[in-house]
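*Asks:* The amino acid sequence is not available; the structure is as follows:
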């Protein structure tokens, strides 16, 4: 699976695209992340991540129709591909698996130190 | 309520066209939304930040687009085509195709430029080195050397060897002087053990402040104290390695002049070559009185130290010079009312009063030559490119017809010249790195190869490279881009002639330079031959001077007899000084009769010297043929007799010099270079039994017979020498080598000139070859038709060569007066010189014409022999 490693920010962007299914474009993803995480992100960072995700085949994109809201400019709409969905699921599963493996005494010991 | 306009523009500038729409949309949407949420100011700030954050590779990267479609071109009109990557790529590929398609022309261009760049860089490097003498010392800007100038008779004598007490006195008596450092030069025998015992040149004396003044890198030891105590010696790395190998040298003992142990106190890194202060080792000045009678005498009574003053910042140099005259030193070693001058350390190499202005002269000559070669190479490029303009004219026409601007075409042709120059530049760089050590040595230029790594060198190279690209590109670019598309596409022939005159001028210039340099080479060569073969009044060929140390006096007679036995008595003589070196002593005396001040060379010789060295007598001493000498004889040369105003038979006249009556007179002979005339000379003829002549050592002169194998003779001599309890290592020189060495500077100039002449000729012929090839190419049909109509091969060769030969004729006429003038100037330096004869010009002209004809005929004969059917068959 080398080459499809997902960075933290990429994972966040991928999740945001999934949340905004059907209407995921640059500005929307920025809004979604800012709302969910409470921190501001640069448009450039988001586009860069989207571009990388697309190169890895985790998202696909197409140009949307014209709307009045952006002065007639078209949007590029992203959607999560099946492969992207599987990557997200794998990450989640891995996390769960690791959570489950934490022994019950771990927290206590950690606190003692 | 709008985002900052500049930011939007910035986005449009860097963002790939196919991404602008969505990016701007996103930016705009976020901006509107943020105005509502966080206010206008904040929104604008975020907008700018977002724009900047978009400057990422994937945003910058242009989408590959279909090339050369008219629609695309029109939509791109707004952007500058010169900087458009597509067009740049197109220019580059056209440039490469042109290079590849015309391999001959490209090779000619590039080889010419390579030679030009390599030579001019090499020379520039040398000149740079010459101009940057002695700048590295820490106080170089306020260090001065004292030069004393005394009038002696009509002659001004310049000395920078001063007495030891003078420097001390100066330091005490002139407050403006911050430090005094003194250095002398000399040679010595050094010994670390039995296997390491050598004669060393440039072993001088120096006081404690000399090393801090020089600021050299010290590898071992402490520079501040290295020379402060008696019995210390400082070595350069080379010498330290010679005697002690890789061991630590500091603390080891070296025996100076056979008896005096010195302790090595420091080892210096290699000295920079751009310094007038050169030494292999320095002995602490304070040890000098303890190093034997001779050194003691020098220390007490002679002026031998170059004295450097470091003035306090802001000190007035003229004032210090004045004060120097009032300095009371304990001793006056010469009875002369000397004037003192201070000369700044960095200026000493080229501008000191004691060096001739030749330094500048040869630098100018070299710079001119470098420039000439570079210009010739650039001219080659220009004329070959414009000659081929006819071939490119259609391309230019088409480009213009489909909308190419003139500025774009200029850019394109510049790019082509840039490409050629860059290739040449890379090649010349390679050439230089390869040949630098060799050229350095062959031409005896003595440049440190450390400069190859220095900034100025690279700055120079890059300046030359860019300058060359610009110069070679400018004319072709302007000319080619000026074609009118309608005319060239219609096929009119008027433009075909364009640049013919310019090219004729170019060729003339090239050959003028070549012929001029060739004339100079011929004159130089003739003069050097003249000097080498001139009858000096003394026969120096095949004579070896064997050094005899002063301490060998007890065994001298035995050694001499052994050598006489081996070489034959008639082939051995003695002289107390080394003939043809600058170490011939000079005596200042007043003539008795006319009170004229004379500078007289003095040497002591034995009786066989005259016959052996082929010196002719004018007046033989009366007792000469009566067997061995009973007493010393005093023999003068003709110059001294006439300078002293003695007429008639000198043997019957009163003595020319006080108390030294004339015993005999010899014809003038030279013991120095022919730059000057023969000086007055006094020879003391001593008997074989006299031992006092060896007081300062001497030379046994041995003539080897022409059939002798020199290496075997040397072996034999060494064996004889070692048999006689030598006190010094076997040391000898050849008189003819030493004589040639006197002209080392001229020989070097000659070599440089020969080399450069060959290179200019090469470059010029490359150009000629190109032009001829081209003119034949364009006249193929004409030649075909002429042949069909019955022209002979020789007629066609003549037709093709005639124009070029005419140009060479003009060049000869132009070059001759210039070369004559330049060489006349140069010859003024010699007291004995050749006359510049007409045959030198004729020779140079014929030679160049011959080479040019050869170049031309290579191609023209080929063209003349081609079957006309071939050239006429296809249209």
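*Replies:* Cool, the structure landed. For clarity, every value in this text was computed on a predicted model and none was experimentally measured. Residues are numbered from 1 along each chain as shown, chains lettered A, B, ... in the order given.
*Asks:* Quick check: the nearest residue to residue B:92 once chain neighbours are set aside vs chain A, distance?
*Replies:* Leaving aside its sequence neighbours, residue B:92 sits nearest to residue B:415 (CB to CB, 6 or more residues apart in numbering or on different chains; 6.9 Å). Backbone N, C-alpha and C define where each C-beta goes, glycine included. Residue B:415 is 34 Å from chain A, where distance means CB to the nearest CB, to the nearest Å.
*Asks:* Isn't residue B:754 up against residue B:522?
*Replies:* No: under the criterion of CB atoms under 8 Å, residue B:754 is not in contact with residue B:522, lying 10.1 Å apart.
*Asks:* more crowded one of those two?
*Replies:* Neighbours were counted for residue B:754 and for residue B:522 using other CB atoms under 10 Å in any protein chain shown; residue B:522 has more, 23 against 16.
*Asks:* buried residues in the helix or strand containing that one?
*Replies:* Using DSSP states H and E, the element containing residue B:522 is helix B:500-533. Buried residues in helix B:500-533, defined by neighbour count with 16 or more other CB atoms under 10 Å in any protein chain shown: B:503-504, B:506-524, B:526-528, B:531.
*Asks:* repeat for stretch B:230-250
*Replies:* By neighbour count on 16+ other CB under 10 Å, the buried set for stretch B:230-250 is B:230-237, B:239-240, B:242-244, B:249-250.
*Asks:* Between those residues, which sits nearest residue B:710?
*Replies:* residue B:242 (25.6 Å; CB to CB).
*Asks:* where does the closest one fall, helix, sheet strand or coil?
*Replies:* helix (DSSP: H, G, I helix; E, B strand; the rest coil).
*Asks:* wait, isn't it in contact with residue B:196?
*Replies:* Yes: with contact defined as CB under 8 Å, residue B:242 reaches residue B:196; the gap is 7.3 Å.
*Asks:* circling back: quick one: list the elements packing against the helix holding residue B:522.
*Replies:* With contacts defined as 3 or more CB pairs under 8 Å, 6 or more residues apart in numbering or on different chains; DSSP states H and E, helix B:500-533 has these neighbours: helix B:358-387, helix B:744-778, helix B:793-827, helix B:838-865.
*Asks:* Count residues in the vicinity of the closest residue to residue B:53 other than its chain neighbours, would you?
*Replies:* Closest residue in space to residue B:53, ignoring its immediate chain neighbours: residue A:44 at 2.8 Å, by CB to CB, 6+ apart. Neighbour count for residue A:44, taken as other CB under 10 Å: 19.
*Asks:* isn't residue A:44 right next to residue B:57, touching?
*Replies:* No: with contact defined as CB under 8 Å, residue A:44 does not count as touching residue B:57 (11.3 Å).
*Asks:* so who does residue B:845 touch?
*Replies:* Residues near residue B:845 by CB atoms under 8 Å, 6 or more residues apart in numbering or on different chains: B:515, B:808, B:812.
*Asks:* What confidence value was assigned to it?
*Replies:* The model reports residue B:845 with a pLDDT of 89.
*Asks:* Secondary structure element holding residue A:46?
*Replies:* Counting by DSSP H and E, residue A:46 is part of helix A:43-56.
*Asks:* I'd like to know which elements that helix is packed against.
*Replies:* Using 3+ CB pairs under 8 Å, 6+ apart, the elements in contact with helix A:43-56 are helix A:8-19, helix A:26-37, strand A:59-66, strand A:74-80, helix B:17-38, helix B:40-53, helix B:57-60.
*Asks:* Same list (the ones you listed) but as a markdown table, adding mean pLDDT and mean neighbour count.
*Replies:* Converted to a markdown table, the helices and strands packed on helix A:43-56 look like this (pLDDT from 0 to 100; neighbours: other CB atoms under 10 Å in any protein chain shown):
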| stretch | mean pLDDT | mean neighbour count |
| --- | --- | --- |
| helix A:8-19 | 91 | 19 |
| helix A:26-37 | 90 | 19 |
| strand A:59-66 | 85 | 14 |
| strand A:74-80 | 89 | 21 |
| helix B:17-38 | 87 | 18 |
| helix B:40-53 | 90 | 17 |
| helix B:57-60 | 82 | 14 |
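*Asks:* Those into TSV, with extra columns for distance to residue B:736?
*Replies:* What follows is those, written out as TSV (distance: least, CB to CB, whole Å):
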stretch	distance to residue B:736
helix A:8-19	85
helix A:26-37	90
strand A:59-66	90
strand A:74-80	90
helix B:17-38	81
helix B:40-53	79
helix B:57-60	73
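*Asks:* wait, which of the ones you listed is closest to residue B:856?
*Replies:* helix B:57-60 (55.1 Å).
*Asks:* tell me what the closest one is packed against?
*Replies:* Using 3+ CB pairs under 8 Å, 6+ apart, helix B:57-60 sits against helix A:43-56.
*Asks:* and if we set it to 10 Å?
*Replies:* If contacts are counted by 3 or more CB pairs under 10 Å, 6 or more residues apart in numbering or on different chains; DSSP states H and E, helix B:57-60 sits against helix A:43-56, helix B:5-14, helix B:17-38.
*Asks:* could you list every residue that touches whichever residue of chain A sits closest to chain B?
*Replies:* With CB to the nearest CB, the shortest gap between chain A and chain B falls at residue A:44, namely 2.8 Å. Counting by CB atoms under 10 Å, 6 or more residues apart in numbering or on different chains, residue A:44 touches A:26, B:23, B:49-56, B:59.
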